[in-house]
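Participant: coords please:
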Amino acid sequence: MAESDFIVPPPGLVPAAPETRAPETAAPDRTVRAAPSRALPSRGLPSFAPGRVAPDAPLPASPRPEPPAAPSPAGSATWRLVGASGLEIVVDGVLVLGRDPVAAAGSNARAVAIDDPTRTVSKTHAVIEPADGGVRVTDLRSTNGSRVEPPGEPLRELAAGDASHVPAGSALYLGELGLRVDRVVRATV
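Facilitator: Predicted coordinates for the structure are as follows:
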């Protein structure tokens, strides 16, 4: 007799098929099943090395609409932070930036989450607020620090806990995530 290539499992190893009931006596199926998992699209934000910010690079449209914010004080400019991947954050008030930021209770700050696949941006990384000629940045004692590279100047580390002026056209690095500080151009009537 020729042997088959099929291996027969020992008895009891494979469970028997469940018995089925006749349709007229079958109870309704009340099994809760999990929805099939699916991968969510990721808008990875590429980081770039210091000194490689392209101030003349075209600015893409904002990936998502920003929630309305309180109007800026009279006479102050509105600024934005622009990432290489199209990330755009309008700095029209006090913002707390990070991967999962928390604004202090009772403050007028707005928490803004940043997608950072490299995880070099801390959960609550820095406070950004508009200032004359640029923005004011306070590093919140983040793990990977904050750095600024003003146009034509060398890269410098920002002191944790101290507010530092970052002029327009500068590259701002939160960890390894690079952002350019630009003035928002608004249409006039």
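
Participant: need the strands for this structure, in chain order.
Facilitator: Counting by DSSP state E, one finds strands in the chain at the ranges 79-83, 88-91, 95-98, 110-113, 126-131, 134-139, 146-149, 156-157, 163-167, 171-174, 177-183.

Participant: The ones you listed into JSON lines, with extra columns for mean neighbour count and mean pLDDT?
Facilitator: C-beta coordinates here come from the backbone N, C-alpha and C atoms, glycine included. Converted to JSON lines, the strands of the chain look like this (neighbours: other C-beta atoms under 10 Å; pLDDT from 0 to 100):
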{"stretch": "strand 79-83", "mean neighbour count": "22", "mean pLDDT": "93"}
{"stretch": "strand 88-91", "mean neighbour count": "20", "mean pLDDT": "92"}
{"stretch": "strand 95-98", "mean neighbour count": "24", "mean pLDDT": "95"}
{"stretch": "strand 110-113", "mean neighbour count": "16", "mean pLDDT": "93"}
{"stretch": "strand 126-131", "mean neighbour count": "22", "mean pLDDT": "94"}
{"stretch": "strand 134-139", "mean neighbour count": "22", "mean pLDDT": "96"}
{"stretch": "strand 146-149", "mean neighbour count": "22", "mean pLDDT": "96"}
{"stretch": "strand 156-157", "mean neighbour count": "12", "mean pLDDT": "94"}
{"stretch": "strand 163-167", "mean neighbour count": "17", "mean pLDDT": "94"}
{"stretch": "strand 171-174", "mean neighbour count": "25", "mean pLDDT": "95"}
{"stretch": "strand 177-183", "mean neighbour count": "22", "mean pLDDT": "93"}
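
Participant: Compare the ones you listed and give me the one nearest residue 9.
Facilitator: Proximity to residue 9 (C-beta to C-beta) singles out strand 110-113 among the strands of the chain, at 51.8 Å.

Participant: Just list whatever residues bridge to residue 98.
Facilitator: Judged by DSSP bridges, the bridge partners of residue 98 are residue 113.

Participant: can you tell me which residues contact it?
Facilitator: 111, 113, 114, 121, 122, 123, 124, 125, 126, 140, 142 (C-beta atoms under 8 Å, 6 or more residues apart in numbering).

Participant: Please apply the same query to residue 181.
Facilitator: Residues near residue 181 by C-beta under 8 Å, 6+ apart: 79, 80, 81, 134, 135, 166, 167, 168, 169, 170, 171, 172.
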